[in-house]
Structures are given as structure tokens and as C-alpha cells.
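[1] Sequence and predicted structure below; questions after.
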Amino acid sequence: MSSKPGEQSPSSADGLLMIRPWSGVEEVPELLDVWRSSVEGRRDFLSVNDLNSVASTLETVYAQRALVYVPQLGTQIVGFMAMGDERVELLWVHHEHRHIGVGRALAAFAHSKQTNVQMVVSAQNAAGIDFFRSCGFELSAEEELSTEPAANILLRHASVGAKAMRR
């Protein structure tokens, strides 16, 4: 796992970042703490629709239609990612652990699990779109940036587009 220049590798006194499947409903309070921290730290694009999105995705998790992965530094949960068959529905990093490579590690992990993975991102989340682009994801030809507050866009990993172009 490599970090961008000027970015630290995610680590702690207890060791390096570990990504694992969530252990179950008992971790929900910690996951909600991560989400709250991220929401409070990013007031530039979040809306009531984002709250609904999280609630909807958590319903998906409870219905076992998505896999949840949890990055940990030592024993501390520092983020989570909900991944469906080919889409990452949610990816949140605790605000205090942003810019150390946790999100980048989750994006790479998702790509390693599913090479044609898509990232679902709010069209209003310019920083998120830029972040995923820096991780090798791009808007597909059929996607457009929307000005609708509730709109989501899908980003595909550039390697998928490159394969399709070579065919």
C-alpha cells in the first residue's frame, strides 16, 4: 500500500492498518461514530439526503446484501466500507484519520476484491470525486456531474476502461 507524496502511511503504535470484515451488529455503534466524525468534519456537501443514504445502506447491510469492511489501527476502528456485488455504496473514514492513507487503502482493497468495482459518490462531493480520481477511478462515458442535491454518480477504476478500449 503506497501513500501519496506528503501523506503518511496509516500506522499506529499497535501496528499497520488492517482491513477486515466487520464482526457484526455489535460494531454498529463504532461505525456510527466514524460516520458522525466524518460528517461533522465535512459540512461542505452533506445534506439530509446523505443521512437517508446512510440509513438505506445500513438497511442493505442488515439485509446482508453488502459486505462491510473495517480498517483498524491497532484496536481502533478508523473507517468502514459497504460493498455490494460491484459497487462500493459507502466509504467513510474517521475525520481524525483522514489524509494518512486509510481511504486510499480501502479503495485499493475494493479494487483488489472486484477489479470492475464502481464507487458511488454524491455528485455534490467534489472532494470525494477528486479523491477517487486520484485513486485511479474515473467517470464513465455515460456519467455526468449533476447539480441535483440527491444525485449520485458512479466512478469506475481506470483499468476497467482501459481494458474495454483494448478490445
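    Received it, and whenever you're ready, just let me know what you need. Numbers count the residues shown, from 1 in each chain.
[2] can you give me the strands in the chain?
    11-12, 15-21, 67-73, 76-77, 79-83, 87-93, 118-122, 137-139, 152-157 (DSSP state E).
[3] what does the average pLDDT come to for the third one?
    Okay, so that is strand 67-73. Throughout strand 67-73, pLDDT has a mean value of 94.
[4] Next, the buried residues of it.
    Under the neighbour-count criterion of 16 or more other CB atoms under 10 Å, strand 67-73 has 68-73 buried. From N, CA and C alone the C-beta is placed, and that goes for glycine too.
[5] Among the strands of the chain, single out whichever gets nearest to Gly128.
    For the strands of the chain, the distance to Gly128 is smallest for strand 118-122, at 4.8 Å, taking CB to CB.
[6] Please work out the angle formed by the directions of that closest one and strand 87-93.
    60 degrees (axes from the mean of the first three to the mean of the last three CA atoms, to 10 degrees).
[7] who are the neighbours in contact with Phe131?
    Gly103 (CB atoms under 8 Å, 6 or more residues apart in numbering).
[8] could you measure it against Pro21, distance?
    Phe131 is 24 Å from Pro21, where distance means CB to CB, to the nearest Å.
[9] Also Ala151?
    30 Å.
[10] Which of those two has more residues huddled nearby?
    Ala151 (13 against 9; other CB atoms under 10 Å).
[11] Tell me if I'm right that the more buried one and Ser122 touch.
    Yes. Contact status for Ala151 versus Ser122: in contact at 7.4 Å, counting by CB atoms under 8 Å.
[12] returning to what we had before: burial-wise, tell me which of the strands of the chain comes out on top.
    strand 79-83 (a mean of 24; mean count of other CB atoms under 10 Å).
[13] Can you show me the helices along this protein?
    28-41, 48-62, 102-113, 126-134, 158-166 (DSSP state H).
[14] Restrict the first one to CA atoms and write it as CSV.
    Output in CSV follows, covering the C-alpha atoms of helix 28-41 (Å, rounded to 0.1, in the frame of the first residue of the first chain):
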residue,chain,number,x,y,z
VAL,A,28,-22.6,-0.6,14.7
PRO,A,29,-22.0,2.0,17.4
GLU,A,30,-18.3,2.3,16.4
LEU,A,31,-19.2,2.6,12.7
LEU,A,32,-21.8,5.3,13.5
ASP,A,33,-19.1,7.1,15.5
VAL,A,34,-16.8,7.0,12.4
TRP,A,35,-19.7,8.3,10.3
ARG,A,36,-20.6,11.1,12.7
SER,A,37,-17.0,12.2,12.9
SER,A,38,-16.7,12.3,9.1
VAL,A,39,-20.0,14.1,8.7
GLU,A,40,-19.0,16.7,11.3
GLY,A,41,-15.7,17.2,9.6
